[in-house]
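**Q** need a structure here:
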Amino acid sequence: MVFNDLLENKGIRILQSAPYTSQQNSYVEQFMHTLFNKVKCMHFGACIPQSWWNLSYNQACHVYNCIPQMRLNWHTPYKILEREKPRIKHL
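**A** Now for the predicted structure:
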């Protein structure tokens, strides 16, 4: 409850949705659609077995977090979270 009080003091309202229903949140639904398109492109482009979907998904998330976003003033999600530039030499 301390966390909820902190949010309320900052003027932040919590809007809860039913668990496992991304359809109730259009932003999450759009992001999942975008990310899954990246996963499919990477997976089929690399011609790897069907059993490696999790590898494709993890790699797509990693690449997404290293790409600058307009909504973050052209910073990467990684930089916002970790306060340092992502290392992309391995890409």
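
**Q** C-alpha only now, for contacts and for neighbours.
**A** OK.

**Q** just checking, what packs against the longest helix seen in the chain?
**A** Ranked by number of residues, the top helix in the chain under DSSP state H is helix 26-46. On a contact count with 3 or more C-alpha pairs under 8 Å, 6 or more residues apart in numbering; DSSP states H and E, helix 26-46 meets helix 53-65.

**Q** next SSE after the helix it packs on?
**A** Using DSSP states H and E, the next helix or strand after helix 53-65 towards the C-terminus is helix 77-82.

**Q** List the contacts of E84.
**A** By C-alpha atoms under 8 Å, 6 or more residues apart in numbering, the contact list for E84 reads Y78.

**Q** pLDDT below threshold where in this structure?
**A** 1, 22 (pLDDT under 70).

**Q** hmm, who's touching the longest helix of the chain?
**A** Helix 26-46 has contacts (C-alpha under 8 Å, 6+ apart) with 22-23, 53, 56-57, 59-61.

**Q** Redo those as JSON lines? Include distance to M42 and neighbour count.
**A** Formatted as JSON lines, those follow (distance: C-alpha to C-alpha, whole Å; neighbours: other C-alpha atoms under 10 Å):
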{"residue": "S22", "distance to M42": "23", "neighbour count": "14"}
{"residue": "Q23", "distance to M42": "25", "neighbour count": "12"}
{"residue": "W53", "distance to M42": "10", "neighbour count": "16"}
{"residue": "S56", "distance to M42": "6", "neighbour count": "21"}
{"residue": "Y57", "distance to M42": "9", "neighbour count": "17"}
{"residue": "Q59", "distance to M42": "8", "neighbour count": "16"}
{"residue": "A60", "distance to M42": "7", "neighbour count": "20"}
{"residue": "C61", "distance to M42": "11", "neighbour count": "15"}
